[in-house]
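Chemist: Build the 3D model from these lines:
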Amino acid sequence: MRAPTGEQHVLSRASGSHQTRAIITEVAASLRELVIDGTAVTQPYPESSRPPFGDGIVLVPWPNRVEDGRWLLDGEVQQLDVTEPDRNSAIHGLLRNAPYTVAERSDDAVTLAATVFPQHGYPFLLDTTVRYELLADGLRVTHTVTNHSDAAAPVALGVHPFFRIGEVPTDDLVLTLSASSRFETDARLNPVGELATAGTRFDLSEGVPVRELQLDDAFGGLTPDADGTFSCSLTATDGRSLRVWQESDWRWVQVFTTREFPTDGGPATAIAIEPMTAPPNAFNSGLGVRWLQPGESWSTSWGVTLSGGAA
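Modeler: Numbers count the residues shown, from 1 in each chain. Sure, this is the predicted structure:
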């Protein structure tokens with residue numbers, strides 16, 4: 001039977017004593033599996049299933065939500081299709097159910113391409129690609145967007161991967177994220193303000209066990225690492241640490257925890273760490289939105305590494 005996420009692109013790389021393997025899907029270019037030196041670092045889902053909770057999918061031309069699916073363009077209301085009816089929002093962009101075609105392929109890398117055509121509430125034509133490239137210790141993902149419209153187009157990017165460290169219970173992992181602000185939301189998860197994290201339960205800079213977290217929150221004010229990237233980490237008691245890094249364009253991150261992620265053993269705790277180039281409802285706030293001029297292209301990357309401990 002054909003998989004509901006289409007063709008499965010299996011990548012592998014051996015470099016000295018290191019081995020990395022990934023599975024990327026045709027639909028939504030989702031990261032279905034990533035294994036580094038024998039350690040599974042993503043929450044997988046069966047080939048026979050759609051991605052639960054949007055697991056691993058690419059979010060373009062906006063991440064997260066647009067409130068009521070409405071935004072203004074040159075003073076005129078644009079009405080996107082409402083794709084989250086229970087919250088009356090347009091969620092996770094326009095390619096979450098779209099197939100991607102192979103633009104380039106090797107044993108350890110694949111570049112997938114998809115077009116955003118003009119449609120309800122988004123009258124722009126974009127060509128997009130996402131390149132997954134295996135590294136000795138992880139994965140690099142590069143997104144490129146080109147505007148083929150005759151006017152400047154608003155663009156933001158996001159991804160929705162769920163992470164783990166092998167068979168370590170997710171509740172036992174420690175999340176560390178240095179972010180000075182969090183977006184407060186209303187009952188429909190639309191942002192209503194940006195608050196400081198210092199002195200609150202949302203200060204994750206010293207590390208907090210996942211079991212203590214109940215999050216569906218966007219964070220800003222990320223502290224750059226020495227190399228200029230932003231990052232957060234999950235750490236296991238055996239010393240293994242998963243680092244999710246983001247180039248400087250990715251100035252926000254959404255963290256989502258659930259106790260209902262479907263597994264063979266029943267519902268389980270899972271954590272999504274979602275790099276974003278703009279926060280929720282950015283088409284209305286303008287925060288992080290990149291206006292690509294006609295013919296302009298934009299490329300930017302994020303990635304994952306695993307270090308320490310015994311695989």
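Chemist: P209 reaches D171, doesn't it?
Modeler: Yes. P209 lies in contact with D171 (C-beta atoms under 8 Å); the separation is 7.0 Å. All C-beta spots, glycine's among them, are computed from the backbone N, C-alpha and C.
Chemist: which neighbours do the two share?
Modeler: Among the neighbours of P209, none is also in contact with D171 (C-beta atoms under 8 Å, 6 or more residues apart in numbering).
Chemist: My read is that T258 contacts T269, right?
Modeler: Yes. Counting by C-beta under 8 Å, T258 touches T269, with 7.2 Å between them.
Chemist: residues shared between the contacts of those two?
Modeler: Shared contacts of T258 and T269, defined by C-beta under 8 Å, 6+ apart, are absent.
Chemist: how about the strands in the stretch 151-300 of the chain?
Modeler: Ranges of strands within the stretch 151-300 of the chain are 153-155, 158-159, 162-163, 174-177, 179-185, 191-196, 204-209, 216-222, 230-235, 241-246, 252-261, 268-276, 290-292, 297-307, based on DSSP state E, counting those that start in this stretch.
Chemist: Over to the stretch 1-150 of the chain?
Modeler: 8-15, 18-25, 31-36, 39-40, 58-59, 65-67, 70-73, 76-79, 89-91, 101-106, 109-116, 126-135, 138-147.
Chemist: Nearest to P275, out of the ones you listed?
Modeler: With C-beta to C-beta as the criterion, P275 lies closest to strand 138-147 of the strands of the stretch 1-150 of the chain, at 9.0 Å.
Chemist: What is the closest one packed up against?
Modeler: Packed against strand 138-147 by the contact rule (3 or more C-beta pairs under 8 Å, 6 or more residues apart in numbering; DSSP states H and E) you find strand 18-25, strand 31-36, strand 126-135, strand 153-155, strand 290-292, strand 297-307.
Chemist: V208: what's it in contact with?
Modeler: By C-beta under 8 Å, 6+ apart, the neighbours of V208 are 174-176.
Chemist: Most neighbours among the residues you listed, which one?
Modeler: Counting neighbours by other C-beta atoms under 10 Å, L175 comes out on top of those with 22 neighbours.
Chemist: so where is the stretch 201-311 of the chain shaky, pLDDT-wise?
Modeler: 309-311 (pLDDT under 70).
Chemist: one more time with 50
Modeler: 311 (pLDDT under 50).
Chemist: Please apply the same query to the stretch 1-150 of the chain.
Modeler: Within the stretch 1-150 of the chain, no stretch has pLDDT under 50.
Chemist: Quick one, which of the strands of the stretch 151-300 of the chain gets closest to S15.
Modeler: Closest approach to S15 among the strands of the stretch 151-300 of the chain (C-beta to C-beta): strand 297-307, 13.3 Å.
Chemist: Report the distance from stretch 124-144 to the chain centre.
Modeler: Centre-to-centre, stretch 124-144 and its host chain are 12 Å apart (C-alpha atoms, centre = their mean, to the nearest Å).
Chemist: Over to stretch 217-233?
Modeler: Distance, stretch centre to chain centre, for stretch 217-233: 14 Å (C-alpha atoms, centre = their mean).
Chemist: Alpha carbons of that stretch, in CSV - could you do that?
Modeler: Provided in CSV are the C-alpha atoms of stretch 217-233 (Å, rounded to 0.1, in the frame of the first residue of the first chain):
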residue,chain,number,x,y,z
ASP,A,217,4.8,28.4,23.9
ALA,A,218,6.9,30.6,21.6
PHE,A,219,10.1,32.0,23.0
GLY,A,220,12.1,35.0,21.8
GLY,A,221,15.2,36.9,23.0
LEU,A,222,17.4,33.9,22.3
THR,A,223,20.9,34.1,23.5
PRO,A,224,23.4,33.5,20.7
ASP,A,225,26.2,30.9,21.1
ALA,A,226,29.8,31.6,20.5
ASP,A,227,29.4,30.7,16.8
GLY,A,228,26.5,33.2,16.3
THR,A,229,23.8,30.5,16.2
PHE,A,230,20.9,30.1,18.6
SER,A,231,20.4,26.7,20.2
CYS,A,232,18.6,24.6,22.8
SER,A,233,19.4,21.2,24.1
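Chemist: tell me which residues of that stretch are tucked away?
Modeler: Neighbour-count burial for stretch 217-233, with 16 or more other C-beta atoms under 10 Å as criterion, is recorded at 217-220, 222, 229-233.
Chemist: Which members of these define the maximum pairwise distance?
Modeler: The largest separation in these, counting by C-beta to C-beta, is between D217 and T229 at 21.1 Å.
Chemist: Wait, T83 touches G93, no?
Modeler: No. Contact criterion C-beta under 8 Å: T83 and G93 do not qualify, at 9.3 Å.
Chemist: Distance to F162 added to the buried residues of stretch 217-233, as a markdown table?
Modeler: Compiled in a markdown table, the buried residues of stretch 217-233 are given as follows (distance: C-beta to C-beta, whole Å):
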| residue | distance to F162 |
| --- | --- |
| D217 | 16 |
| A218 | 17 |
| F219 | 17 |
| G220 | 22 |
| L222 | 20 |
| T229 | 21 |
| F230 | 19 |
| S231 | 17 |
| C232 | 14 |
| S233 | 15 |
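Chemist: I'm done for today, thanks for sticking with me.
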